[in-house]
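Asks: Build me a model from this:
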Amino acid sequence: MGLRTFGVFLEDAAVDLSSTKTDQLPPDCLEQFYLWLADRHGRDRTSTINTYMSAARSVLRYLARHDLAPHITLEKSAEQVRAVAAKGNYKAPRIDNNLALLVDFASNSPVPKLGDVHRDVRLRILRDVALLNTAFCTGMRRQEIVSLNRRDVADGRSSEAIVSGKGGRERMVFFDVETLEQIRRYVDERADSYAPLFIKHRGVLKNPGRGGENLRISAQTLWKTVRRYGKAVGVDVSTHDFRHLKATTLLNRGASLSEVQDILGHASPATTKLIYAHYELAKLREAFHNYSLSAKEAAESLRAGGESRKSPDMENIAIGGQG
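Replies: You can find the predicted model right below:
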């Protein structure tokens, strides 16, 4: 379980496990894995985090023993983890605003007509567009996205859905008009009665399972889809970047930390605050100028309120100084 989770983290960190060599792993991967776990489980879930971290350390220990990742020092990695765990010194994730361009490109690219391409190809394109819009719009975790059923969104006609996230915690997620339109477009073209919202389209599966459950796409399929479209438009992206961007956008546009926590389903408000509470420079500058008072303005306010003090003699103050 721990090794599988470490693998999921590496994929979210844009590490292609099928082609990346061990000496190409990020040198701070242990530290980033800790932050990734804190994001998902809450920083107070120390036993859960330590279990997963133990598996990751075992991997790095094996690589070090066989000289397979000489650029990663286990001792240094452990010290980096201790530093961020003790101080809450979370690094703000790098948010690429071009994610919107990626989704816009997919949504507005012409879909090949039947006859020009096989029906499965056309359906995969429509599915991918609906997937990208869902990830961008909702900020859901990828497992939550692939677990959606058609009835959850009433085939794209319901703007709200209840999902079960980490730890079985239920929450409401919301869909915008554009996303629902893409979902309807995809589902209507499928013309089937399978339960999963997003399914595979590669020929006819002999055993689709009850309600088409065996056709449901995996989280890995979603990850590969996002990576493929990102590469096509020159954007280095993983599925979790959509989640980071959603949180940052909500905060910068005025949502409270508690609201963002509920929308994204964070286990702890500390996770929201420590991971996402960073604002654009323009917003900080605006807040500084809007809410600050100069010394003159503050003094005038005090005088207007009846506060008065005898003015000291500046010359005597200067003479009494030390230089």
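Asks: Give the helix, strand or coil label for the residue nearest the centre of the chain.
Replies: By CA atoms, centre = their mean, the mean C-alpha position of the chain lies nearest to residue 243, the distance being 2.6 Å. Going by DSSP: H, G, I helix; E, B strand; the rest coil, the secondary structure assigned to residue 243 is helix.
Asks: Any figure for the gap between it and residue 36?
Replies: If you measure residue 243 against residue 36 using CB to CB, to the nearest Å, the figure is 11 Å. Quick note: C-beta positions are derived from backbone N, CA and C, even for glycine.
Asks: count of neighbours near the residue nearest to residue 56 when sequence neighbours are not counted?
Replies: Distance criterion CB to CB, 6 or more residues apart in numbering; nearest residue to residue 56, sequence neighbours excluded, is residue 6 at 4.7 Å. Applying other CB atoms under 10 Å, we find 23 residues neighbouring residue 6.
Asks: Tell me who's in contact with residue 6.
Replies: Remark: with contacts taken as CB atoms under 8 Å, 6 or more residues apart in numbering, residue 6 is in contact with 33, 52, 55-56, 59.
Asks: residues in contact with residue 10?
Replies: Contact partners of residue 10, counting by CB under 8 Å, 6+ apart, are 17, 20, 25, 29.
Asks: mind redoing it with 7 Å?
Replies: By CB atoms under 7 Å, 6 or more residues apart in numbering, the residues touching residue 10 are residue 17.
Asks: hang on, it in a helix?
Replies: Yes. With three-state DSSP as the criterion, residue 10 is part of a helix.
Asks: where's it relative to residue 135, distance?
Replies: Counting by CB to CB - residue 10 and residue 135 are separated by 19 Å.
Asks: Please apply the same query to residue 101.
Replies: 14 Å.
Asks: Pick out whichever of these two has more residues nearby.
Replies: Taking residue 101 and residue 135 together and counting by other CB under 10 Å, residue 135 has the greater number of neighbours (27 against 13).
Asks: from memory residue 226 sits against residue 237, does it?
Replies: Yes. In this structure, residue 226 is within contact of residue 237 by CB atoms under 7 Å, at 5.9 Å.
Asks: Tell me which of those two has more neighbours.
Replies: Using other CB under 10 Å as the criterion, residue 226 and residue 237 rank with residue 226 on top: 27 against 20.
Asks: Next, the contact list for the more buried one, please.
Replies: Contact analysis of residue 226 by CB under 7 Å, 6+ apart lists 135, 237-239.
Asks: That one sits in which helix or strand?
Replies: With secondary structure defined by DSSP states H and E, residue 226 is part of helix 219-233.
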